[in-house]
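Chemist: model the structure of this input:
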Amino acid sequence: MNGILGRITIFSALCTAVIGGVFLLALGTAHDALRQSASVEVSGGMVSGVTAQSIFVYDLESGKEVFVRNADEQRPIASVTKLFSSALFLEYGSSTQPVVISAADVRTEGRSGRLQRGETYQSRELLFPALLESSNDATAAMERVADTDLVSAMNEYVRMHGLIQTHFADASGLHDGNVSTARELGVLAGMLYKNYPHIFDITRLKTYLNHVNAWMNNNPFVNEKGYLGGKHGFTYAANRTAVAFFEETLQEKQNRTFVYVILGSDDLVHDIQILRTYVQQSVTFQ
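Modeler: Take a look at the predicted model:
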């Protein structure tokens with residue numbers, strides 16, 4: 001009799017677990033459907049005077065786009081590349097391995113970061129000059145000491161996510177073969193923001209110093225209210241480029257995070273100011 005009761009009790013528990021699991025699954029599905037059904041409305045605000053050739057602005061939580069211009073046109077992305085090389089370096093670089101800066105590292109174009117031959121850093125410290133001052137020397141060192149071919153890993157990452165117009169030729173963004181579209185760059189940046197938050201934590205810092213060096217954030221948006229991180233860049237082929245995350249307060253006093261991707265800009269600060277004003281004054285969610 002006790003054996004029968006035991007079997008009945010076990011069976012009842014299993015049924016309860018299954019029913020509970022189905023309920024939770026249904027609840028999660030309904031929640032996802034509700035988020036997907038959230039509608040974005042633009043009240044007809046005007047956007048004029050933006051110099052960028054390609055633009056993609058979207059709400060991070062819902063994925064709803066709110067402003068696009070030539071968003072599927074492939075263009076060079078310059079040092080925005082360093083968001084991706086830094087993220088993959090987190091995957092494939094030791095956190096404490098000592099790295100001695102080489103002559104080849106400092107021969108890389110540009111002197112941002114002020115690294116010197118023979119200086120020794122812990123591996124992950126290279127992220128700070130790379131992201132705060134866009135140091136190509138630091139990125140060259142990261143590429144050299146990573147436990148894998150860093151550029152190949154970057155390209156594998158975008159292929160894995162089905163993005164076919166993004167390609168990396170180096171880890172710094174100096175090469176004009178580092179290309180993407182504003183839309184794909186926005187999608188990739190959104191994934192990095194969720195999966196590699198440490199990268200964006202660094203890009204919000206005003207300064208960082210260690211026993212060897214000190215670096216200041218040269219991002220033009222770092223002192224702006226609501227700035228949540230990002231990266232900008234410049235080459236002659238790319239002109240000025242940026243990926244920037246901002247928390248915006250909308251007209252109904254709702255706070256939401258927006259991703260701004262700008263390629264081929266003559267004036268990043270001017271363009272971002274116009275687009276942020278547009279989002280703040282014209283976008284509502286229901």
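Chemist: correct me if wrong: residue 153 contacts residue 88.
Modeler: Yes - if you go by CB atoms under 8 Å, residue 153 and residue 88 touch, sitting 4.7 Å apart. Using the backbone N, CA and C atoms, a C-beta is placed for each residue, glycine as well.
Chemist: who's more crowded, the two?
Modeler: A count of neighbours by other CB atoms under 10 Å puts residue 88 above the other of residue 153 and residue 88, at 25 against 20.
Chemist: I figured the more buried one was touching residue 160, is that so?
Modeler: No - Residue 88 lies out of contact with residue 160 (CB under 8 Å); the separation is 11.7 Å.
Chemist: hey, where'd the helices end up in this protein?
Modeler: 2-37, 81-92, 103-106, 127-132, 136-145, 150-160, 182-195, 197-203, 268-282 (DSSP state H).
Chemist: and those, which one's lowest on average pLDDT?
Modeler: If the helices of the chain are sorted by mean pLDDT, helix 2-37 sits at the bottom with a mean of 36.
Chemist: quick revisit: find residues that contact each of residue 153 and residue 88.
Modeler: residue 146 (CB atoms under 8 Å, 6 or more residues apart in numbering).
Chemist: OK, contacts around the residue nearest the centre of the chain?
Modeler: For the chain, the residue nearest the mean C-alpha position is residue 189 (3.1 Å; CA atoms, centre = their mean). Residues in contact with residue 189 (CB under 8 Å, 6+ apart) are 83, 230, 243, 245, 259, 261.
Chemist: can you rerun that using 10 Å?
Modeler: With contact taken as CB atoms under 10 Å, 6 or more residues apart in numbering, residue 189 is in contact with 56, 60, 80, 83-84, 180, 200, 229-231, 243-245, 259-261.
Chemist: for residue 58, same thing?
Modeler: For residue 58, counting by CB under 10 Å, 6+ apart, the contacting residues are 40, 64-68, 71, 183, 186-187, 190, 257-261.
Chemist: domain map for the protein?
Modeler: Residue ranges for each domain of the chain read 1-37, 42-285, as given by automatic domain parsing.
Chemist: what's the most buried one of the ones you listed?
Modeler: domain 42-285 (a mean of 19; mean count of other CB atoms under 10 Å).
Chemist: distance from the chain centre to that domain, please.
Modeler: Put simply, domain 42-285 sits 6 Å off its chain's centre (CA atoms, centre = their mean, to the nearest Å).
Chemist: residue 229 touches residue 221, doesn't it?
Modeler: Yes - in this structure, residue 229 is within contact of residue 221 by CB atoms under 10 Å, at 9.2 Å.
Chemist: can you check which residues contact both of these two?
Modeler: Joint contacts of residue 229 and residue 221 (CB under 10 Å, 6+ apart) are 203, 204, 244, 245, 246.
Chemist: what mean pLDDT does stretch 53-71 get?
Modeler: For stretch 53-71, mean pLDDT is 95.
Chemist: for it, measure first residue to last.
Modeler: Using CA to CA, to the nearest Å, the end-to-end distance of stretch 53-71 comes out at 9 Å.
Chemist: repeat for stretch 92-106
Modeler: 22 Å.
Chemist: check contacts around residue 137.
Modeler: 101-102, 104-117, 126, 129-130, 172.
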